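A.B. asks: need a structure here:
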Amino acid sequence: MTQTPFAQRSQRAQIAMLRPVARQLCQAFGVAVQTLTCINHGFNTTYAIVDQHGYKYALRLNTHSLRDEKGLHAEVAWMQALAATGVVRVPQLRQTPHGQYMASVPFAPLGKELTATMAQWLPGRIVGGRPSYQQISALGSLSAQLHQHSAHWRPPPQSDFPSINRVLLNSPDHLTHQRESALPAELRQLLDEVRPQLDALFEELNAQFALQPIHADLHPYNVMWHQGGLAVFDFDDAGYGLAIQDIANSLYYVRDMAHADEAFFCGYQRIAPVPAVRPQALEGLLMARGVVLLNDLLVMTNPADAAFVPEYMRRMTLRLRHFVATGRFALCT
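C.D. replies: I've put the predicted structure just below:
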C-alpha cells in the first residue's frame, strides 16, 4: 500500500509522526522525558521538554533546515562564544553523553536524517507580535551587541557559515524555477520588476560593507523578555551577511508600528553607530525580506503554512505594488 507523503498529511498527523523521533533524540541527549509538548511546527519543529527532575529544555528538530554539518558546528560555536562574553544572553546548549551538541536520527517520511539541538529553557516570555517600544529599543541594542561581537569573530576550523548576502539568502530560487506557475500573473510581473532592483541593491551594499556573521532572523518571536532584558535564540538562519541586512530583518516585523524604527535605532545607537545607508536602501532590504519569506513559504510541507500561501501572495502583491509606486516598504494587508 502506498503511504501518504509527509507533506500531504495533516498538521496533527505530522506532529504525531515526529513525536517518537523527538523522544529518541531526548534519549540521545541523555534526558529522561516526563512531558514532551510540540510548541512550534513550521520551518523547523520545536518541543518543550520537562525531564524527570523538573528541568525544562527546548528541543529543535531541523525539519526543513538548510544547515549542513559545518553550519551546525558554526552555529553552536557562535552561541558558545556569545555565552562566554555574557554580553548577549543565549540558551545554554546541552551536550549528549558523548560530548556532542547535536544528535541525528533517520526519518523515512522525509527521506533524511533529522538533526536536533537541545538547550536549557530560557526564562521569561517570547516578545511576540506586539512588542512595546521599550522592547523594540532593547532589540536594537541586542542587534548592535551581536554585530559588535561578530565583526571580530569567525567560526573555528571544521565549521563554517553559508553566505547569505543576497535576496534569497542561501535558499534555492523557488520563485523562478519550481513554482512559477503557482504565482498569480500580477505577482510574477511585480517580482520580475522588483527583483533586479533588489539584486543591484545587494551588489551596492556588498561593495560598501564587509561580511560578518549575522543572526538573520532577529525578530520579536525569536527573543525572550525577562526582567527588563532580552535573550535571543534560534540561530538556524545565521550566516555571513551584512549588519544593515540584519537590521532590516528586525524592522520588517514592526514596520506597521508608528515610530518603531526610531525606537530600534535609539537602542542600537546606545551600543554602536547605525550602519550608514541611503533611506531607499533600507526600504529595499525590507522588501527583500518579504520576497525571501515568499520563496521559502512556497515549499513548506507544514499544512498551516501551506494553507497561508494564497493569503501571503495576496499581501505580497499589495506590498510590491506599494513599493513600486512609492519606493517604500509597508506591511500592506
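
A.B. asks: let me see the ranges of the helices in the stretch 1-150 of the chain.
C.D. replies: Using DSSP state H, counting those that start in this stretch, the helices of the stretch 1-150 of the chain run over 11-28, 69-85, 133-150.

A.B. asks: winner for burial among those?
C.D. replies: Counting by mean count of other C-beta atoms under 10 Å, helix 133-150 has the highest mean neighbour count of the helices of the stretch 1-150 of the chain, with a mean of 22. Any C-beta I mention is one placed from the backbone N, CA and C, and that applies to glycine too.

A.B. asks: now do that one against helix 69-85, angle only.
C.D. replies: 110 degrees (axes from the mean of the first three to the mean of the last three C-alpha atoms, to 10 degrees).

A.B. asks: packing partners for helix 133-150?
C.D. replies: Packed against helix 133-150 by the contact rule (3 or more C-beta pairs under 8 Å, 6 or more residues apart in numbering; DSSP states H and E) you find helix 69-85, strand 212-214, strand 223-226, strand 229-232, helix 243-252, helix 260-269.

A.B. asks: which residues of the stretch 151-300 of the chain fall in helices?
C.D. replies: Going by DSSP H, counting those that start in this stretch, the stretch 151-300 of the chain shows helices at 185-208, 243-252, 260-269, 279-297.

A.B. asks: present those as CSV; the columns should include mean pLDDT.
C.D. replies: Listed next are those as CSV, based on pLDDT from 0 to 100:
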stretch, mean pLDDT
helix 185-208, 97
helix 243-252, 98
helix 260-269, 98
helix 279-297, 97
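
A.B. asks: reformat those as a markdown table; add mean neighbour count and distance to Lys70.
C.D. replies: Formatted as a markdown table, the helices of the stretch 151-300 of the chain follow (neighbours: other C-beta atoms under 10 Å; distance: least, C-beta to C-beta, whole Å):
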| stretch | mean neighbour count | distance to Lys70 |
| --- | --- | --- |
| helix 185-208 | 15 | 22 |
| helix 243-252 | 23 | 21 |
| helix 260-269 | 19 | 30 |
| helix 279-297 | 20 | 21 |
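
A.B. asks: which one of these lies closest to Val21?
C.D. replies: Nearest of the helices of the stretch 151-300 of the chain to Val21, taken as C-beta to C-beta: helix 279-297 at 22.4 Å.
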